[in-house]
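Enquirer: no sequence on this one, just coordinates:
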């Protein structure tokens, strides 16, 4: 039934990906559907690699928690303690790491009027993303509300980089990916994807004025 449902959704263009169902360590179903690259006609397969997007926020939380356990930071530290050169000093003096983790800092999002196709194509490092949201007032006083914030996790990633002396990707690879045996996981450039990586698609597209 699960396999038939996957085929049905794929036929409706409502699902594209890979499904794995396991129970007690035994794989019950592994099935791919849809296209990894529509332009080249490449279908998804069991070994196709996908952009996991905001699931990397869980990696960020693990790294921050590990650094806290090592005594290298405290969740109630203000941002200024770890990023004294943060562009908006007054904000860094107010916002805590805990508020950033909980989406309660008020930093806003990176997907705003500044995030254009031209700007997006030039984003390579976490620091590159700062121009998308710095120089703006907070959306609310820290701790008084909760609103999903990609910007907050960019900043947390910068804290990880500053404390570890490594890029976020290298820190995650050394502390999470390698120990977990995630051999096919990593940080790939969107403009240089290997043949086993799926191309990301959206139904919305870019908004044009």
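Expert: Done, it's in. For clarity, every value in this text was computed on a predicted model and none was experimentally measured.
Enquirer: what's the following helix or strand after the host helix or strand of residue 20?
Expert: Assigned by DSSP states H and E, residue 20 belongs to strand 17-23. Next in sequence after strand 17-23, counting helices and strands by DSSP H and E, comes strand 26-33.
Enquirer: picking up where we left off before, buried residues, the strand holding residue 20. List them.
Expert: Under the neighbour-count criterion of 16 or more other CB atoms under 10 Å, strand 17-23 has 17-18 buried. Glycine gets a C-beta too; all of them are placed from N, C-alpha and C.
Enquirer: for that strand, name the packing helices and strands.
Expert: In this structure, strand 17-23 makes packing contacts with helix 2-11, strand 26-33, judged by 3 or more CB pairs under 8 Å, 6 or more residues apart in numbering; DSSP states H and E.
Enquirer: might one say that residue 199 is in contact with residue 34?
Expert: No. Assessed by CB atoms under 8 Å, residue 199 is found out of contact with residue 34, at 11.4 Å.
Enquirer: please say which of those two ends up with more neighbours.
Expert: residue 34 (20 against 15; other CB atoms under 10 Å).
Enquirer: list the contacts for residue 173?
Expert: Contact analysis of residue 173 by CB atoms under 8 Å, 6 or more residues apart in numbering lists 186-187.
Enquirer: now residue 191
Expert: residue 121 are the contacts of residue 191 under CB under 8 Å, 6+ apart.
Enquirer: who's in contact with stretch 79-92?
Expert: Contacts of stretch 79-92 (CB under 8 Å, 6+ apart): 73, 78, 93, 95-97, 100, 107, 130, 134-135, 138, 155, 158-159, 162-163.
Enquirer: could you look up the SS state of the spatially most central residue of the chain?
Expert: Closest residue to the average C-alpha location of the chain: residue 54 at 3.6 Å, with CA atoms, centre = their mean. Following DSSP: H, G, I helix; E, B strand; the rest coil, residue 54 is assigned to helix.
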